[in-house]
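K.L.:
After the sequence you'll find the predicted model.
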Amino acid sequence: MTPPTPTVRVDRDKDTGVAVVTLDREAKLNAIDLPTAAQLTAIWREFRFDDTVRAIVLTGAGPKAFCTGIDRTVDVPQPPSPYAIDDPLLTVGPKANDLWKPVVAAVRGMACGGAFYLLGEAEFVVAGENATFFDPHTTYGMVSAYETALLAQRMPYGEVARMALLGTAERMSARRAYEVGLVSELTPDGEELAAALRSAEVIAGHPTEAVQGTVRAVWATREAARAQAYAQAPHLIALGNLPPDRQAELFGKRGTDFRIR
């Protein structure tokens, strides 16, 4: 069997100790299909054993998007029970794979929906001034549960609620994301990757045990609230999501607007 074409690119710099992980589906606005999800999981788990990698920068290929969530053309089979939901994005982040090396996200263009699984597990976010953040779930008849749980640990309640409830009608600018705490550094468009690399290189130069311990300590302060929210998410999604055919109908009507803005 021919292995799937790599859709995630990894570039290691052994001199600095920084690896750059790039979502490499530019033609699909770096949406995550099942092979991409599997590759991300494998990469994070591989980094656990690679002492040459001490910090990571996560970004997306091209100027249009960091990541636009799950690829809507992917068919994800679901168990027939309302008590079980298979979400392939639950394991695409570093923390979900027991990786405690720091991750800095560099965002250019759109970051929406399932992108927050990745941004929510990064230590901090650097964004170009033309980046935009939004959550399309409610527009397409879906409950935003995991995404909002992660966003609520980075932004004030009202900002999370506004983004999630307004769906594709609300686009948070990079400037506003910086003002409310989702973004920690704002750069001219196209300079976000270089800025993220500068921070990652500084971090990679510190003693690795202290760095990873600090990452774990910071994450632990948020873990209890996140775990409780995640425990409720499957039931809320099962109760609130429209049937897949109705979701597809709404996406077909409004998906073009989502893509081009």
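P.N.:
It's in.
K.L.:
which other helices and strands contact the helix ranked longest in the chain?
P.N.:
Under DSSP state H, the helix in the chain containing the largest number of residues is helix 208-240. Applying 3 or more C-beta pairs under 8 Å, 6 or more residues apart in numbering; DSSP states H and E, one finds that helix 208-240 makes contact with helix 146-151. C-betas here are computed from N, CA, C, even on glycine.
K.L.:
Which strands and helices lie in contact with the helix it packs on?
P.N.:
helix 115-119, helix 157-166, helix 208-240.
K.L.:
follow-up on the earlier one: buried residues in the longest helix of the chain?
P.N.:
For helix 208-240, the neighbour count (16 or more other C-beta atoms under 10 Å) marks 208, 211, 215, 222, 226, 229, 233-234, 236-237 as buried.
K.L.:
Kindly indicate which of the residues you listed lies nearest Tyr178.
P.N.:
Taking C-beta to C-beta as the measure, Tyr178 lies nearest Arg222 of these, at 20.2 Å.
K.L.:
Check whether the closest one really touches Ala152, as I assumed.
P.N.:
No. Counting by C-beta atoms under 8 Å, Arg222 does not reach Ala152; the two are 9.7 Å apart.
K.L.:
Show me whatever sits in contact with both of those two.
P.N.:
With C-beta atoms under 8 Å, 6 or more residues apart in numbering applied, the contact sets of Arg222 and Ala152 do not overlap.
K.L.:
Geometric centre of the protein: which residue is closest?
P.N.:
Residue closest to the average C-alpha location in the chain (C-alpha atoms, centre = their mean): Leu118, at 2.3 Å.
K.L.:
Please identify the nearest residue in space to it, excluding sequence neighbours.
P.N.:
Gly93 (5.7 Å; C-beta to C-beta, 6 or more residues apart in numbering).
K.L.:
show me the contacts for the one you found.
P.N.:
40, 44, 117-118, 120-121.
K.L.:
repeat for Asp98
P.N.:
Contacts of Asp98 (C-beta under 8 Å, 6+ apart): 45, 48.
K.L.:
same check, this time on Ala204
P.N.:
Contacts of Ala204 by C-beta under 8 Å, 6+ apart are 16-18, 54-55.
K.L.:
tell me, how many neighbours does the closest residue to Thr68 other than its chain neighbours end up with?
P.N.:
Excluding the flanking residues, the one nearest Thr68 by C-beta to C-beta, 6+ apart is Leu29, at 4.3 Å. Counted with other C-beta atoms under 10 Å, residues neighbouring Leu29 total 22.
K.L.:
Give the phi and psi angles for Leu29, as a check.
P.N.:
The phi and psi values for Leu29, taken as degrees, to the nearest 10, are phi 60, psi 30.
K.L.:
So it sits against Arg108, correct?
P.N.:
No. Leu29 is beyond contact range of Arg108, at 11.7 Å (criterion: C-beta under 8 Å).
K.L.:
Distance check, the residue nearest to Thr68 against Lys64.
P.N.:
6 Å (C-beta to C-beta, to the nearest Å).
K.L.:
what touches both of these two?
P.N.:
Common contacts of Leu29 and Lys64 (C-beta under 8 Å, 6+ apart): 109-110.
K.L.:
Please name the nearest non-neighbouring residue to Pro88.
P.N.:
Ala37 (4.6 Å).
K.L.:
What helix or strand is the one you found located in?
P.N.:
Using DSSP states H and E, Ala37 falls within helix 34-47.
K.L.:
contacting residues around that helix?
P.N.:
Contacts of helix 34-47 (C-beta under 8 Å, 6+ apart): 4-8, 10, 19, 21, 23, 25, 32, 53, 56, 71, 74, 76, 88-89, 91-94, 96-99, 101.
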